[in-house]
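Enquirer: model this:
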Amino acid sequence: MATALTLRPGDPVGDPPDNLQRVGWITVRGATATEADARAAEALSTVRGEVRASRDS
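Expert: Numbering: from 1, shown residues only. Coordinates of the predicted model:
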């Protein structure tokens, strides 16, 4: 499994113009699609995100 975050707490988040502007990602492998899905679900269950409207809006 590999994970990455491209932003830090407090960084502004805008509308991503393309797939390269995402906040982060999780990559998993499994011997079967079912195993990979289970690993992805487990990894995703540990991620929490919170987005607040900026004061400039």
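Enquirer: residue boundaries of the strands in this protein?
Expert: Along the chain, counting by DSSP state E, strands occupy 2-5, 24-27.
Enquirer: any idea which of those scores lowest on pLDDT?
Expert: With a mean of 74, strand 2-5 has the lowest mean pLDDT of the strands of the chain.
Enquirer: for it, which positions count as buried?
Expert: Neighbour counts using 16 or more other CB atoms under 10 Å place no residue of strand 2-5 among the buried ones. To be clear about C-beta, it is placed using only N, CA and C from the backbone, and glycine gets the same treatment.
Enquirer: How far does that strand sit from its chain's centre?
Expert: Computed by CA atoms, centre = their mean, to the nearest Å, the separation of strand 2-5 from the middle of its chain amounts to 8 Å.
Enquirer: neighbouring strands for it, and are they parallel or not?
Expert: strand 24-27 (antiparallel) (DSSP bridges).
Enquirer: Any buried residues in the partner strand, and which?
Expert: Under 16+ other CB under 10 Å, strand 24-27 has no buried positions.
Enquirer: now that strand: how far from the chain's centre is it?
Expert: Here strand 24-27 shows a centroid-to-chain-centroid distance of 5 Å under the convention CA atoms, centre = their mean.
Enquirer: Please enumerate residues in contact with that strand?
Expert: Met1, Ala2, Thr3, Ala4, Leu5, Thr6, Leu7, Ala40, Ala43, Leu44, Val47 (CB atoms under 8 Å, 6 or more residues apart in numbering).
Enquirer: could you measure the closest residue to the last one other than its chain neighbours against Pro16, distance?
Expert: Spatially, and ignoring its direct neighbours in sequence, Val47 is nearest to Ile26 (7.4 Å; CB to CB, 6 or more residues apart in numbering). Taken as CB to CB, to the nearest Å, the spacing of Ile26 relative to Pro16 amounts to 17 Å.
Enquirer: All good on my end, thank you.
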